[in-house]
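**Q** generate a structure from the sequence data that follows.
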Amino acid sequence: MTVTSQNLNPLLEAVRIFAWENLNCRNITEAEDQIQEITRAISKAMMSEVAGKISGKPTYKGARISCDCGMEAKFIGYRKRLHGDIEVKRACYRCSECKRGYITWDSEQGLDERVWTPRIKELVASVCGDLTYEAAKASDLRDRTQTQ
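**A** Next up, the predicted model:
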């Protein structure tokens, strides 16, 4: 789907109605805080739906895949992984020869053992490039991820 003003209009109208009926803020700071909380909840709900579409069976590559050792890794089932609050099921393969495990979906999505998406890696690099080590360490990246 391509996001256009036409397919966004029903959502934006629902947002306008929700804001009118539910947001009673005394000042702009309170409005920003409430809107950020709502934005996080909406993002989580949307990511859960999208993750459901792209995980599970779509991650299955067949009964066997090639292993780096030259043998084949056998499909052993699906493994769950949390990306924040979002649960994703991915096909898992294991080579009986070298015992290496593969979850091809993770590498296809640019994920590593730290469970950082490519966007989060970019954000961390940006923050660390802009700030001193102490300031970056103290920075709350959660606030930044909601606005980017």
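**Q** return the distance of the top helix by length along the chain from the chain's centre.
**A** In the chain, assigned by DSSP state H, the helix with the most residues is helix 28-54. Relative to its parent chain, helix 28-54 has a centroid offset of 12 Å by CA atoms, centre = their mean, to the nearest Å.
**Q** packing partners of that helix?
**A** strand 86-95 (3 or more CB pairs under 8 Å, 6 or more residues apart in numbering; DSSP states H and E). For the C-beta atoms, the positions are set from N, CA and C on the backbone; glycine is no exception.
**Q** which residues touch the next helix or strand after the strand it packs on?
**A** Following strand 86-95 in sequence order, the next helix or strand is strand 101-102 (DSSP states H and E). The contact list for strand 101-102 (CB atoms under 8 Å, 6 or more residues apart in numbering) reads 65, 67, 73, 92-95.
**Q** what sits against the closest residue to E97 other than its chain neighbours?
**A** Nearest residue to E97, sequence neighbours excluded (CB to CB, 6 or more residues apart in numbering): M71, at 4.2 Å. The contact partners of M71, by CB under 8 Å, 6+ apart, come to 95-98.
**Q** what subset of those is buried?
**A** For the contacts of M71, a burial check counting by 16 or more other CB atoms under 10 Å picks out C95.
**Q** now for the contacts of M71: which two are most distant?
**A** Spatial extent of the contacts of M71 (CB to CB) is set by the pair S96 and C98 at 8.4 Å.
**Q** how close does S48 sit to R40?
**A** Separation of S48 from R40 (CB to CB, to the nearest Å): 13 Å.
**Q** again with G52
**A** In this view, G52 and R40 are 19 Å apart by CB to CB.
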